[in-house]
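> model the following, please.
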Amino acid sequence: MARTKSKLQAAAVGGTPDEVEATFYEGLREGDADKVMSCWADEDDIVCIHPGGARLLGAASIRAAFEEMFSNGGTLQLDVTNVRHVHAVACAIHHVSERVEVVTQRGPVQAYVLATNVYIKTAQGWRLVVHHASPGTESQMQEDVSQPKVLH
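Got it, this is the predicted structure:
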């Protein structure tokens, strides 16, 4: 069964992976699904994995997840730290730590997330193709920059 590409309403986000990432996190903080989705590539196989969640494949399922996340209203308190970059000619990988304040029935709770964002250079400019976020802990927000003796 052939899939058709969804047409994203891409905003005029910046010309670098850093600018696209800034727009992505700004959209998350504002609860703006359109702004968040403007950062994604117009590809069938874009992927988003939220902490502890299923693999979301394609713009429609990714948009639905962000719209559900934002459906309670309000803004998201989100700090991005420990940003590390690996850049190539047409691909950029960013590893980040996220501290998120989540409002629950018992009040605000801090959540910690370790995320990887992958960007590719497209005809529309740099766009997000993968956002993979894993649950973390407060102690994991501190970077371990020591060199391992054995890689694996």
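
> distance of residue 61 from residue 68?
11 Å (CB to CB, to the nearest Å). All C-beta spots, glycine's among them, are computed from the backbone N, C-alpha and C.

> skip the chain neighbours and tell me the closest residue to the residue nearest to the spatial centre of the chain.
When CA atoms, centre = their mean is applied to the chain, the residue found nearest the centroid is residue 131 (4.2 Å). Sequence neighbours aside, residue 48 is the residue nearest to residue 131 in space, at 4.8 Å (criterion: CB to CB, 6 or more residues apart in numbering).

> now for the top strand by length along the chain, which elements pack on it?
With secondary structure taken from DSSP state E, the chain has its longest strand at strand 107-122. The contact analysis (3 or more CB pairs under 8 Å, 6 or more residues apart in numbering; DSSP states H and E) places strand 107-122 against helix 17-30, strand 91-104, strand 125-136.

> just the CA coordinates for that strand, please, in PDB.
What follows is strand 107-122 as a C-alpha-only set of coordinates in PDB (Å, rounded to 0.1, in the frame of the first residue of the first chain):
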ATOM      1  CA  GLY A 107       1.100  20.100  41.500                       C
ATOM      2  CA  PRO A 108       4.300  20.800  39.500                       C
ATOM      3  CA  VAL A 109       6.700  18.000  39.000                       C
ATOM      4  CA  GLN A 110      10.200  18.100  37.400                       C
ATOM      5  CA  ALA A 111      10.800  15.600  34.600                       C
ATOM      6  CA  TYR A 112      14.200  15.000  33.000                       C
ATOM      7  CA  VAL A 113      14.700  14.000  29.400                       C
ATOM      8  CA  LEU A 114      17.700  13.000  27.300                       C
ATOM      9  CA  ALA A 115      17.000  13.700  23.600                       C
ATOM     10  CA  THR A 116      18.600  13.300  20.200                       C
ATOM     11  CA  ASN A 117      17.500  15.500  17.400                       C
ATOM     12  CA  VAL A 118      18.500  14.700  13.800                       C
ATOM     13  CA  TYR A 119      18.300  17.300  11.000                       C
ATOM     14  CA  ILE A 120      18.800  16.900   7.300                       C
ATOM     15  CA  LYS A 121      19.300  19.600   4.700                       C
ATOM     16  CA  THR A 122      16.300  19.600   2.300                       C
END
